[in-house]
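Novice: mind folding the following:
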Amino acid sequence: MSLLIEKTEDFVFDLFKSHLDQTFLYHNLTHTERVLRSLREIIEHSNISDESAEILQLAALLHDTGYTKAREGHEEEGVKIATAFLKKQNAKQDTIDAVNKCILATKFEDKPETELEKIMRDADASHFGKPYFNEASEFLRKELEIQGIKTYSTAEWIDENIKVLTKKHEFYTDYALKNWQKQKEANLKKLIKQKKKIKEQLQKEQLKAKYKAQYKNESPERGIQTFYRVALRNHIKLSDIADTKANILLSVNAIIISLVLSNLFSKLDNPSNAYLIIPTAIFTTSSVISMILSIIATRPNVTRGQFTKEDVENKNVNLTFFGNFHKMKLDEFEWAVSELVKDKDYVYSSLTKDLYFLGKVLDRKYRILRITYSFFMIGIIVSVLAFAISFKIMI
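Specialist: Prediction:
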């Protein structure tokens, strides 16, 4: 390796380290090193002079230095940087001119003419025929996205790569055609397979969405299930509210009776307190009756908890309510459930029965609770009036 090439490597390393933007994920020192390795691979298997080999290596090292100045027209900027650097190193003008021509030959839209330009072009695009093609391609895609040039979806990027590999790129040197073309074709094959897979997946998703929308529009199943779910949930909430109200009445009346027993009953032995007997009796009686009604409202009904095979076969048993099967054996219940789920109409019939009988239970609870609250309210009012009248008579 010549001293000039060593100095150029150090120069490019320092230049990229200090002046290349971090958003260049592809066009950076890694890419330059890969191009240099590919170039040396071609040189090793080609019959070119040492002078030409040096020109090519200098061009490979300097060809992307223009990115430190601008993205558009970076080749021309690279030529300026290369010229200034090589002149500083006292390189021959012929060498400088040859290096600059090789740098400009990396323009993708131009076709290389000389042998050196063809070698340079193949080295610069060698990743198309390398196993690391996918990695390099993704770095380029991300670079374009980060720099705000263009954002590609996965499918769009695959299409773009297929277009480049089939229509825009070609290898020019014999070595590249013999050694890299096969890997390029393998990379292309993989891209086509990925495109096909994405297309099939998209078609499957579109078909799935189509049938899902069609099923949703044509079938009432979803609406029916929502109806049962909402109705049953509302009934259960109302039942919980009724039980809470009954518990409140039980607690309040238990406290009232405790206070009456501890404070009033002990004073009724005294003849002077005889006027308190009737109000206290009314007060205590209304509380006791309210408690009894609250207990009745929340008291569960005990069912037989059994069914026969005939009941299941005739669809006369509701398996959604535990009271109809709590005394059955597990295998009998599993059989009954398996029979139930086989028939959609039987399932809906069971849910309808469950909803109906929940409604009946709620009706009973709320009727008794209404009577209980009314009796409790009237008992409180009458008791207070009775106490007031008794105190007035005594006075």
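Novice: name all residues that make contact with residue 63.
Specialist: 32, 35, 75, 78, 102-103, 106, 120, 124 (Cβ atoms under 8 Å, 6 or more residues apart in numbering). (Each C-beta comes from the backbone N, C-alpha and C, glycine too.)
Novice: ramachandran coordinates for it?
Specialist: phi -70, psi -20 (degrees, to the nearest 10).
Novice: and residue 58, how far from residue 90?
Specialist: Per Cβ to Cβ, to the nearest Å, residue 58 is found 14 Å from residue 90.
Novice: ok, those two, which is more surrounded?
Specialist: residue 58 (27 against 7; other Cβ atoms under 10 Å).
Novice: with only the CA atoms kept, save whichever strand or helix holds the more buried one in CSV.
Specialist: Using DSSP states H and E, residue 58 sits within helix 50-62. Taking C-alpha atoms only, helix 50-62 is exported to CSV below (Å, rounded to 0.1, in the frame of the first residue of the first chain):
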residue,chain,number,x,y,z
ASP,A,50,-0.2,-0.4,-10.0
GLU,A,51,-0.8,3.2,-11.0
SER,A,52,-4.4,2.4,-12.0
ALA,A,53,-4.9,0.4,-8.8
GLU,A,54,-3.8,3.4,-6.8
ILE,A,55,-6.1,5.8,-8.7
LEU,A,56,-9.1,3.4,-8.0
GLN,A,57,-8.3,3.1,-4.3
LEU,A,58,-8.0,6.9,-3.9
ALA,A,59,-11.3,7.3,-5.7
ALA,A,60,-13.0,4.7,-3.5
LEU,A,61,-11.8,6.4,-0.4
LEU,A,62,-12.8,9.9,-1.5
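Novice: narrow the contacts of residue 63 to those in helices?
Specialist: 32, 35, 75, 78, 102-103, 120, 124 (DSSP state H).
Novice: ok, so of those residues, who is nearest residue 233?
Specialist: residue 32 (67.2 Å; Cβ to Cβ).
Novice: show me what the lowest-mean-pLDDT helix or strand in the chain is packed up against.
Specialist: For the chain, counting by mean pLDDT, DSSP states H and E, helix 309-313 ranks last in confidence among helices and strands (a mean of 74). Packed against helix 309-313 by the contact rule (3 or more Cβ pairs under 8 Å, 6 or more residues apart in numbering; DSSP states H and E) you find helix 330-342.
Novice: dump the contacts of residue 63 to JSON lines, plus pLDDT, distance to residue 43 and neighbour count.
Specialist: Rendered in JSON lines, the data for the contacts of residue 63 read as follows (pLDDT from 0 to 100; distance: Cβ to Cβ, whole Å; neighbours: other Cβ atoms under 10 Å):
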{"residue": "32", "pLDDT": "95", "distance to residue 43": "16", "neighbour count": "21"}
{"residue": "35", "pLDDT": "94", "distance to residue 43": "12", "neighbour count": "23"}
{"residue": "75", "pLDDT": "93", "distance to residue 43": "22", "neighbour count": "18"}
{"residue": "78", "pLDDT": "94", "distance to residue 43": "21", "neighbour count": "24"}
{"residue": "102", "pLDDT": "94", "distance to residue 43": "13", "neighbour count": "29"}
{"residue": "103", "pLDDT": "94", "distance to residue 43": "17", "neighbour count": "29"}
{"residue": "106", "pLDDT": "92", "distance to residue 43": "17", "neighbour count": "22"}
{"residue": "120", "pLDDT": "95", "distance to residue 43": "11", "neighbour count": "29"}
{"residue": "124", "pLDDT": "94", "distance to residue 43": "14", "neighbour count": "24"}
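Novice: just name the closest of those residues to residue 389, please.
Specialist: residue 32 (109.1 Å).
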